[in-house]
Structures are given as structure tokens and as C-alpha cells.
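> Everything below, folded, please.
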Amino acid sequence: MARFGVNPQNTLGINIPYLRKLAKEIGKNHNLALELWESKIHEARILAAFIDDPKLVTSKQMDIWVSEFDSWDVCDQVCSNLFDKTPFAYEKIGIWCKKKEEFVRRAGFVMMAVLAVHDKSLSNDRFKNFFLLIKKYSTDERNFVKKAVNWALRQIGKRNKILLKEALECAREIKSLDSKSAKWIASDAIRELAKK
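All right, here's what the predicted structure looks like:
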């Protein structure tokens, strides 16, 4: 796990397919999800995201959980299986991206990426607003932030032809910045999006 950048602390070694099967058996259970999160066990926290009811998740709960992310996989699983389905999903992006903590900032960009894939109701303008944040934080050299910024840029670009054009334009602007991280984000995004 450590080799893949997953924090091995408080980890049992249970794989995601098993956790998904367990979540199906349990069904939605907000109170149990809160208890699982409090256990601080890596897999229990991922399972909490699978079984929690997004209609019962509060804005405060999201802020508490995101402040306790200690691994990219917990961040990504919680954002893409729970947080993106809450009524607070869009508003949290701008708040979390501006935070200094690595996994909180990552969560903001993961939310962009998963909303680009999952939420068909959001307008192009909503996504165009994200390009400023993508450009601003493309110079963050931390690996888990850099990869999430890249992921957000690529997923927004894949959403439709209008956003593809804007994403490529954003990537070219980022590529001109004096930052190794920005150059990597831009080059990788251009390579993938140019095929579309």
C-alpha cells in the first residue's frame, strides 16, 4: 500500500471489491457510517462513504471528514461515492481548493473531476468557473494535489466539445507557467485531450 502512496496506518488490508460487497449487504445507514468514520480505520472510513446517505450528510460533516483525510484513496473514495451526491458538492470545491492542507486541496479538485463525470445537470458555465482554480493551483508541487488538478482538467475537457476547447486553452496557459508541476499537468492533459 505504501508503494502506491496509500497511508498504511490503521489499515487492515481489506480490498475495495470486498468493501463494496459488504456495503450492498448493509445498505444505506447514516448512523453506522458516522460510527465507522470515528473508528479511524482506513477501510472502515471507505465503507462509511459507501453506506452513508448523501441526503443526511451535512455541510459540517463534510468539512470534518475532509479535514481528517490522510490518504489519497480515502479522499477519492469519499468524494466520488458520497460527497459528490450531496447538495453541498459544488460549493465545497472553491472552499477546499483554497485550503493549504494537501488532502483537503486534493478533495476540491477530485470533486471537480467526479462532478464532471457524474453530474449531467451542471451547466458549462459552472465548469468554466473551475479553470481559474485549476490554473492558480497548477503550481502546487505536491504529488497528490498535482495529480488531482490534472484529473480535474482532463475530466472537464472530456465533458463536451465546448469544454474540451476551453480545457485545452487552459492547459496551454498552464504550460507557459514557470513550474515543473504546471508543465507536467498541462503536457499530460494536452496529450490526452488532443485525442478527443
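> Please parse the chain into its domains.
Domain ranges of the chain: 1-105, 123-196, per automatic domain parsing.
> Where does the residue nearest the centre of the chain fall, secondary structure wise?
Among the residues of the chain, Val110 comes closest to the average C-alpha position under Cα atoms, centre = their mean, at 1.7 Å. Val110 belongs to helix 102-118 when assigned by DSSP states H and E.
> just checking, what packs against that helix?
helix 59-67, helix 72-81, helix 89-97, helix 130-137, helix 143-159 (3 or more Cβ pairs under 8 Å, 6 or more residues apart in numbering; DSSP states H and E). Any C-beta I mention is one placed from the backbone N, CA and C, and that applies to glycine too.
> Export those helices to a markdown table and append columns for mean pLDDT.
Listed next are the helices and strands packed on helix 102-118 as a markdown table, based on pLDDT from 0 to 100:
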| stretch | mean pLDDT |
| --- | --- |
| helix 59-67 | 98 |
| helix 72-81 | 96 |
| helix 89-97 | 97 |
| helix 130-137 | 98 |
| helix 143-159 | 97 |
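> Determine which of those helices approaches Ala23 most closely.
Ala23 lies closest to helix 72-81 among the helices and strands packed on helix 102-118, at 8.8 Å (Cβ to Cβ).
> angle of the stretch of helix or strand Leu47 belongs to against helix 72-81?
Leu47 is part of helix 42-51 when elements are defined by DSSP H and E. In terms of direction (axes from the mean of the first three to the mean of the last three Cα atoms, to 10 degrees), helix 42-51 departs from helix 72-81 by 10 degrees.
> which residues touch Arg159?
Ala116, Asn124, Phe127 (Cβ atoms under 8 Å, 6 or more residues apart in numbering).
> and Glu154, what is it in contact with?
One thing to correct before we go on: residue 154 is Arg, not Glu. Going by Cβ under 8 Å, 6+ apart, Arg154 touches Ala113, Ala167, Asp188, Ala189, Glu192, Leu193.
> Report how far apart the opening and closing residues of stretch 45-59 are.
18 Å (Cα to Cα, to the nearest Å).
> Could you check how far it is from the centre of its chain?
Here the centre of stretch 45-59 is set off from its chain's centre by 15 Å, with Cα atoms, centre = their mean, to the nearest Å.
> Adjust the sequence numbering to begin at 253 for everything that follows.
Happy to do that; since the first residue is 253 now, the last one works out to stretch 297-311.
> before we move on, the earlier item: make a ChimeraX selection of whichever of the contacts of Arg406 turn out to be buried.
Here is the ChimeraX command that picks out the buried ones among the contacts of Arg406, judged by 16 or more other Cβ atoms under 10 Å:
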select :365,419,440,441,445
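> wait, which of the contacts of Arg406 is closest to Leu429?
Using Cβ to Cβ, the shortest approach to Leu429 within those belongs to Ala441, at 13.3 Å.
> Roughly how far does that closest one sit from Lys398?
12 Å (Cβ to Cβ, to the nearest Å).
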